[in-house]
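**Q** just a sequence and a predicted model for now, questions to come.
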Amino acid sequence: MKMKIVISGLLLSLLLSGVLVFSQEKASKTEKVIIKTSAVCQQCKDRLEKHIAFEKGVRAVSLDLETKELTVEFRTGKNTKEGLKKAVTKVGYDADELEADPKAYEKLPACCKKDAPPH
Amino acid sequence: MNKIIVYCISILVLISIQTKGQQQIKGTVFESVEEKNKPLPGVNIYWLGTQAGTVSDENGQFKIPVNNNSHVLIFSFVGYENDSLHIHNNKETVSHVLKTNRTLDEFEVVQRAKTSYVSRMSTLNSINITSGELVRAACCNLSESFETSASVDVSYSDAVTGAKQIELLGLAGIYTQILGENIPNLRGLANSFGLMYIPGSWMESIQVSKGSSSVLNGFESISGQINVEMKKPAESEKFFLNLYQNQMGRSEININTKASLSQKFKTMLLAHFSNQSSKHDGNHDGFLDEPLYTQYNFFNRWDYNTPHFEFQFGIKALYENRRSGQLSFRAELPRDTSNGFGIKLNTRRYETFLKTGYIFLSRPATSLGIQQQLVYHGFDSYLGLNDYKAEQFSYYLNALFQSYFADTRHTYTTGFSLIYDKFNENLNDSLYDRVERVPGAFFQYTYSDGTKLNVIAGLRADHHNEFGLFVTPRLHLRYSLNPHTIIRISAGKGYRSANVLAENVSLLASSRLIVFRENPRLEEAWNLGINLSKHFDINNRELTLSVDAYRTDFINQVIVDRDTDINRVLVYNLDGRSRANSFQVEANYELINGLSATAAVRYNDVKMTYGNQLLEKPLVNKYKGLISLSYVTNLKKWQFDLTTQFNGQTRLPSTTELPEQYRLSEYSPRYTIVNAQVIKYFRKWNVYLGAENLTNFKQHHPIIAAHDPYGKYFDSSIVWGPVYGIKVYTGLRYTIE
């Protein structure tokens, strides 16, 4: 019986902490930036969105494959456009005028490389 | 209020814009034949992530309306690699050359966002369970991978050994063929415990196809086929670690690593260790609720790929020991009626496979493949006073040649196979040794007009050294009434050679005596099925509705009869009728952004002739329901899963001849199981916490006459519900890409 209470307590606190995280993030000011990237396929999109989601202050992220533009919404004060651009290069893609980090680029799936057949 | 009005108006405006400017994209698809481009008819072309699609005509040309939700066109065709194309300019004319498929696998996996789906292109009613779906139930091996699936049930075979079996279309797992990367696996001795030999973190995806399946993999599938694709060096992570722990003392460690020796030559090592060492007897019947066990499991694979040659080699080794039975059992004392009832189940299994494939680059859709597998399986056990030792040595060979007639709408696969099995079984010093040799040949024709109709017609002939020659016809049709409605029909025969002892190890944990009234003959059955799937667009989200009806009719079946005689289990060949009807309705829908839901109901009507009466098959749920919810937050940092299974009544084997205190009711009660899980994702790792059986439902007295295991009435095989209550688990996964 005790076990049951402990367990439901644990589950509840996990759920609550999730809810708290979301409500906190809504409180402060955000900024939206657009970064031109070198992402080309669905795999690139998934990869880039996943990694940028874990950058500081990021609240929303989405890549438009047609324009190769990455739209990032983040909390001002927590991050900057320059910081996010650098993060994009570290995933292996160009960001505006910055070139992709060569080491990260090497690790990209075949379809994301620049010499991949035209898409 | 104003906001809502503005919102509604903007939606209306959007809809009108969408219907107004219906631009079209025109193009042609080609295949490359001897370095020349030839138009390719019948290619499926659709916008990624949408239902909007078309098919190329006889000149390879197609037209498709511009889609506002997607800019990526997917090209898909049997025998060719799926390809995607980004459309940057809606006015340009597209011309695209498809590449010949470079894999030997017969299943095509189409990349979609859904974690579990029925491929719209597939001719078979096949459900693909991806790695995304597999993480929804964090534990731990193949037997636990179907908790969120509506079609496959998994249940304990008995209350003591921990053996699990699956059920498909109301029929026991023995009638479902299990494939490991398209090679039949877990046959014979591995049947009772085999589902636990495939760790969850080794699996990349699972394909479940219901009803009759293709003739290419043999004659054995009757109610369906489950194919498990393992992780492969080309697509897998560089390093993966998974740790798991539950409150009952079960621990698991999984480590996967890979290395590239060159661009073409890659290897991967997968290792698994699991252990359950703490004893639990929650229902105080003197028996362990779950066995103690230790499993070591290794898999090393090597892949070599060039444009026209493919080579895969793998080696697996497994060791497992299980201990169960009464807490009072002392292994160091002699095993007799003064000692407790002890159970030992030790398994050693070694497997190796070799797949080679040659792709004829000069001719499209043409390839040659050879699959080979060697297996040794050793099983050493005692259950109380019963001693059962068994060994199986198997060899499997399958050679396939694939090509086409006139054009690639008409493809065929033909080839031959050989199955060799040597069994040495020893039950209480009675020997059951046998050798089975089954050479066979097959031919399968596939037609696809690309637009509406797909047909797969297959025929195979096999010769069994004991049962002689037999023929397996199978037919599949897929017809799309319109782009949103698909009908699939399947019909076919299946055969199986029963391994009665190995498949019923659980019955040794009872006072019943297994009596063979006659020699088992080859099992033989027809399966007929129809499936209708329909896709609706509701609020810009897709609702998928799937309705299935299947019927299996046995011509011969090996009946394991627990009803006729309370002291014995009778084994004989079917004399009369045996049939299974299964009817299922399933719906999938994304309720709000990030929250997807599955709901399903199933009705099973399974009857067999026991002795001379047609009875409901025991321990099969007549009704079953499932509601499964999964919520992923905006940035995919949190994932919440909740699955509820409703289990209807099952008939229990007759206990009317037992003394009154041991008698069971005729039917088991209805009950509900709830599982829940939370995953928190970080950049390189994620942690999970979950609970199985949240309502803490238990079958209270799963063992009959548990206090008198050497008496006349002891029986642990009548299990219809969970023996153990709520189970909480936690763990983490760490990945280096």
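**A** On my side now, so go ahead.

**Q** got the residues of the stretch 351-500 of chain B near chain A?
**A** Taking Cβ under 8 Å from any Cβ of the partner chain, no part of the stretch 351-500 of chain B reaches chain A. Where you see a C-beta, it was placed from the backbone N, CA and C, and this is true even at glycine.

**Q** tell me where the stretch 351-500 of chain B has strands.
**A** B:367-383, B:386-404, B:410-427, B:430-448, B:453-464, B:468-482, B:485-496 (DSSP state E, counting those that start in this stretch).

**Q** between the second one and strand B:410-427, how big is the angle?
**A** Inter-element angle recorded for strand B:386-404 and strand B:410-427: 170 degrees (by axes from the mean of the first three to the mean of the last three Cα atoms, to 10 degrees).

**Q** strand B:386-404 pairs with which strands, parallel or anti?
**A** strand B:367-383 (antiparallel), strand B:410-427 (antiparallel) (DSSP bridges).

**Q** what's the mean pLDDT across that strand?
**A** Strand B:386-404 carries an average pLDDT of 95.

**Q** in it, what's buried?
**A** Judged by neighbour count using 16 or more other Cβ atoms under 10 Å in any protein chain shown, the buried positions of strand B:386-404 are B:386-388, B:390-394, B:396-404.

**Q** how far out from the middle of the chain is that strand?
**A** With Cα atoms, centre = their mean, to the nearest Å as the basis, strand B:386-404 stands 19 Å off its chain's centre.

**Q** how about the last one?
**A** Using Cα atoms, centre = their mean, we find the averaged C-alpha position of strand B:485-496 to lie 17 Å away from the chain's own average C-alpha position.

**Q** show me the helices in chain A, by range?
**A** For chain A, applying DSSP state H gives helices covering A:2-27, A:42-53, A:81-91, A:102-106.

**Q** lowest average pLDDT across those helices?
**A** helix A:2-27 (a mean of 54).

**Q** give me the element the residue of the stretch 501-650 of chain B found nearest chain A is part of.
**A** Using Cβ to the nearest Cβ, the closest approach of the stretch 501-650 of chain B to chain A is made by residue B:635 at 4.0 Å. Using DSSP states H and E, no element contains residue B:635; it sits outside every helix and strand.

**Q** what's the local residue count around it?
**A** Close neighbours of residue B:635, defined as other Cβ atoms under 10 Å in any protein chain shown, add up to 17.

**Q** any weak-confidence spans in the stretch 1-150 of chain B?
**A** B:1-22, B:32-36, B:49-52, B:68-69, B:78-82, B:88-93, B:99-121, B:138 (pLDDT under 70).

**Q** just the helices in it please.
**A** B:2-20, B:131-134 (DSSP state H, counting those that start in this stretch).

**Q** against chain B, how distant is the residue nearest the centre of chain A?
**A** What sits nearest the mean C-alpha location of chain A, by Cα atoms, centre = their mean, is residue A:52, with 1.9 Å. Distance, residue A:52 to chain B, using Cβ to the nearest Cβ, to the nearest Å: 9 Å.

**Q** does that residue touch residue A:58 like I think?
**A** Yes - applying Cβ atoms under 8 Å, one finds residue A:52 in contact with residue A:58, separated by 6.1 Å.

**Q** give me the common contacts of the two.
**A** Shared contacts of residue A:52 and residue A:58, defined by Cβ atoms under 8 Å, 6 or more residues apart in numbering or on different chains, are found at A:72, A:84.

**Q** tell me the bridge partners for residue B:554.
**A** Residues in beta-bridge contact with residue B:554 (DSSP bridges): residue B:525.

**Q** dump the strands of the stretch 351-500 of chain B to TSV, plus distance to residue B:639.
**A** Output for the strands of the stretch 351-500 of chain B, formatted as TSV (distance: least, Cβ to Cβ, whole Å):
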stretch	distance to residue B:639
strand B:367-383	37
strand B:386-404	39
strand B:410-427	40
strand B:430-448	37
strand B:453-464	35
strand B:468-482	33
strand B:485-496	30
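
**Q** which one of these lies nearest to residue B:247?
**A** For residue B:247, the closest of these is strand B:367-383, at 27.6 Å, according to Cβ to Cβ.

**Q** now do the same for the closest one: mean pLDDT, whole number.
**A** Computed over strand B:367-383, the average pLDDT equals 96.

**Q** helices or strands next to the helix or strand that contains residue B:583 in the packing?
**A** In this assignment (DSSP H and E), residue B:583 forms part of strand B:578-592. Judged by 3 or more Cβ pairs under 8 Å, 6 or more residues apart in numbering or on different chains; DSSP states H and E, strand B:578-592 is in contact with strand B:541-556, strand B:595-610.

**Q** in that strand, what's buried?
**A** For strand B:578-592, by 16+ other Cβ under 10 Å, it's B:578-590.

**Q** now those residues as TSV including distance to residue B:501?
**A** Output for the buried residues of strand B:578-592, formatted as TSV (distance: Cβ to Cβ, whole Å):
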residue	distance to residue B:501
B:578	21
B:579	26
B:580	24
B:581	30
B:582	28
B:583	34
B:584	33
B:585	38
B:586	37
B:587	42
B:588	41
B:589	46
B:590	48
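
**Q** what residues does chain B put near chain A?
**A** Residues of chain B lying near chain A (Cβ under 8 Å from any Cβ): B:48, B:71-72, B:84-88, B:111, B:247, B:633-638, B:640, B:676, B:678, B:680, B:682-683, B:689, B:691, B:696, B:726, B:728, B:737.

**Q** from residue B:314, how far off is the closest residue in space to residue B:30 that isn't next to it in sequence?
**A** Nearest residue to residue B:30, sequence neighbours excluded (Cβ to Cβ, 6 or more residues apart in numbering or on different chains): residue B:37, at 3.9 Å. The gap separating residue B:37 from residue B:314 is 38 Å, by Cβ to Cβ, to the nearest Å.

**Q** and what of residue A:101?
**A** The value you get for residue A:101 to residue B:314, if Cβ to Cβ is used, is 35 Å.

**Q** more neighbours, the two?
**A** Higher neighbour count among residue A:101 and residue B:314: residue B:314, with 22 against 17, using other Cβ under 10 Å.

**Q** the more buried one touches residue B:299, doesn't it?
**A** Yes - counting by Cβ under 8 Å, residue B:314 touches residue B:299, with 6.6 Å between them.

**Q** could you measure from the residue of the stretch 201-350 of chain B found nearest chain A over to residue B:254?
**A** Nearest to chain A in the stretch 201-350 of chain B, going by Cβ to the nearest Cβ, is residue B:247, at a distance of 7.1 Å. Residue B:247 sits 20 Å away from residue B:254, going by Cβ to Cβ.

**Q** that'll do, ta.
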